[in-house]
Every structure is written in C-alpha cells, then in structure tokens.
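Asks: quick one, fold the following:
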Amino acid sequence: MLEVGKKAPEFCLPNQDDVEICLRDILGKWIVLYFYPKDSTPGCTTEACEFSEAAPDFSGLDAIIIGVSGDSTKSHRNFIAKKDLNITLLSDVETTMMQSYGVWQLKKNYGKEYMGVVRTTCIIDPQGVVRALWEKVKVKGHVAEVQAKLTELQA
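Replies: Residues are numbered from 1 along each chain as shown. This is a model prediction of the structure:
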C-alpha cells in the first residue's frame with residue numbers, strides 16, 4: 001500500500017521494449033509513477049499524452065515519468081507508436097505491482113462489480129520514499145498539479 005512518508009514497494013516489470021525496470025535501478029532520480037486502467041482508452045490516452053508533452057519539464061526537475069497498467073508490452077508499444085509518446089510504460093499483466101501498491105481494487109460500474117485499476121499517481125523521491133499521492137485521479141489538470149507538487153517538494 002502507498003503511504004506518504006513510507007518507502008515505495010519494490011517492483012521489477014518489463015517496459016514497452018521488454019526490458020526489465022526495477023525500482024532499485026532508478027533510485028537517485030525523482031519518479032512520477034502513475035497507474036492507469038487501459039491503453040488507448042479516452043482518459044488514459046489524454047493522461048499519457050499530457051505526461052508525454054510535459055516530459056521535458058519533468059526531466060528538468062530530474063524526474064522520470066513511468067506509467068503502469070495491466071496491458072501487454074505489445075499493447076504498450078502500439079499505444080506509444082500510435083500516440084507518439086515519450087514516456088516509459090510498464091506491463092503488469094499479473095497485477096503484482098498494482099496489488100502491492102494498493103491500486104488494484106474492487107470497482108463498480110453499471111451495477112457490476114469487478115477488480116480493476118484505480119487511477120493513481122505518486123511521486124517517489126530519490127531515496128525511494130513516497131512524497132505525494134493522488135488517488136482516484138481526475139485526468140483534467142492532473143499533470144500540471146503533479147508538476148507543481150514536484151517543484152514544491154524540491155524547493
């Protein structure tokens with residue numbers, strides 16, 4: 001489970017190029033980690049495109065942006081190519097990371113209950129500590145809010 005002030009859970013997952021990315025290997029930078037339900041759906045596309053557009057600004061803050069969903073690496077490659085994204089997407093097909101981060105939850109839609117990803121973003125500092133957390137994210141204006149918070153945390 002994610003909690004501000006606590007260490008982020010370890011993870012190792014393949015990115016869109018089938019290269020394993022582990023938390024231990026990317027410590028030393030600020031990490032903007034966002035969980036989203038599905039590649040190429042309207043809200044997820046908007047969020048990915050906005051993070052991608054803002055990537056140079058985050059890079060200037062010594063931060064990397066990583067998106068995580070249950071989609072396959074192939075789906076991620078197609079999504080990145082179709083939308084010309086320049087961010088890293090991790091594939092958590094088994095939902096292991098999403099469960100350890102507490103974002104794989106019971107959801108309700110039109111009276112049906114099912115397990116799914118709750119759109120969530122966190123900022124992890126260079127030491128691996130969660131410094132900010134947004135749960136049940138609304139996409140509109142979210143990227144700017146995350147960028148402002150990261151700037152504030154580094155001040």
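
Asks: hmm, which helix or strand of this protein has the shakiest average pLDDT?
Replies: strand 104-109 (a mean of 92; mean pLDDT, DSSP states H and E).

Asks: direction included, what does the very next helix or strand once past it pair up with?
Replies: With elements assigned by DSSP states H and E, the helix or strand that comes after strand 104-109 is strand 112-117. With DSSP bridges as the test, strand 112-117 is paired with strand 104-109 (antiparallel).

Asks: so which bits of the strand it pairs with are buried?
Replies: For strand 104-109, the neighbour count (16 or more other C-beta atoms under 10 Å) marks residue 104 as buried. Using the backbone N, CA and C atoms, a C-beta is placed for each residue, glycine as well.

Asks: which other residues reach the least confident helix or strand of the chain?
Replies: Residues outside strand 104-109 that contact it (C-beta atoms under 8 Å, 6 or more residues apart in numbering) are 95, 98, 113, 114, 115, 116, 117, 118.

Asks: so what pairs up with the residue lying closest to the second one once chain neighbours are set aside in the strands?
Replies: In this case it means residue 98. With sequence-adjacent residues excluded and distances taken as C-beta to C-beta, 6 or more residues apart in numbering, residue 98 is closest to residue 104, at 4.0 Å. For residue 104, the residues forming beta bridges with it (DSSP bridges) are residue 117.
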